[in-house]
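Trainee: here are the coordinates; sequence isn't available:
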Ligand SMILES: O=C(O)/C=C/C(=O)CC(=O)C(=O)O
Ligand SMILES: [Mg+2]
């Protein structure tokens, strides 16, 4: 059996590409149109945290939302990647949270500005350990769950995505080169909602990964 290959995406520190509204019911719950093509954004790698660190709500935030997502880690770089060969560029996965400052996002949407502040604050991208490719048999059939203070809020599966993961990889690569160590957040299933200081978020991927994060406000740190 060939040695498993890990991609040290945290050490490599390349870009985080977020895909938005990739689950129909999530687009609907936020009163958004069902997209005809992917909507993407970038998150800085300064937003990464791992279990043991806290999610910090930026000051003046009225509404911070949880979004549990499957993250795809890129191994083989490429540009204009054909959909048919896109899966060959995947190096592994993570369970991720695309924490979102909805207060900032609403302002940005009204003004036609980017979501970089809404999506890019420190601690906005909690991630699990690296998940080897062979640990997930079918990336298009992955269960994603999230609880807040023990109450189930999100319970989705990547089989319900509007765009397939190979399509997302191909589509993104036609607009920007994908590099070794990049992370693609593939979007969140329905059930997103607010978290407050003192809350605990628990999330899981299949029966493989569980992680939890506490939520603090800036004046608590
Ligand atoms: O359109 C909005 O109001 C918000 C969209 C998102 O934040 C989308 C995602 O990040 C997602 O679908 O995962
Ligand atoms: Mg998201």
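Mentor: Arrived safely. If you're wondering where the values come from, they're calculated on a predicted model, not measured in any experiment. Ligands and ions are numbered 1, 2, ... in the order given.
Trainee: Would you mind naming what in this protein lies close to ligand 1?
Mentor: 18, 20-22, 26, 30, 32, 67, 98, 100, 105, 187-188 (C-beta under 6 Å from any ligand atom). Quick note: C-beta positions are derived from backbone N, CA and C, even for glycine.
Trainee: Just flag the most distant two among the residues you listed.
Mentor: Taking C-beta to C-beta, the two most distant members of those are 22 and 105; they sit 16.3 Å apart.
Trainee: higher neighbour count, these two?
Mentor: Set residue 22 next to residue 105 and count neighbours by other C-beta atoms under 10 Å: residue 22 wins out with 27 against 19.
Trainee: Now do the same contact list for residue 185.
Mentor: Contacts for residue 185 (C-beta atoms under 8 Å, 6 or more residues apart in numbering) come out as 16-19, 43, 69, 71, 96, 98, 125.
Trainee: Return only those of these found close to ligand 2.
Mentor: Under the cut-off given by C-beta under 5 Å from the ion, ligand 2 has residue 98 from those close to it.
Trainee: how many other residues sit next to residue 8?
Mentor: 12.
Trainee: helices and strands of this protein: which one bottoms out on pLDDT?
Mentor: Least confident helix or strand of the chain, by mean pLDDT, DSSP states H and E, is helix 24-29 with a mean of 86.
Trainee: Partner strands of the helix or strand following that helix, with direction?
Mentor: Sequence-wise, the next helix or strand downstream of helix 24-29 (DSSP states H and E) is strand 39-43. Sheet pairing here is set by DSSP bridges, and for strand 39-43 it gives strand 16-20 (antiparallel).
Trainee: Let me know the secondary structure of residue 86.
Mentor: Three-state call for residue 86 (DSSP: H, G, I helix; E, B strand; the rest coil): helix.
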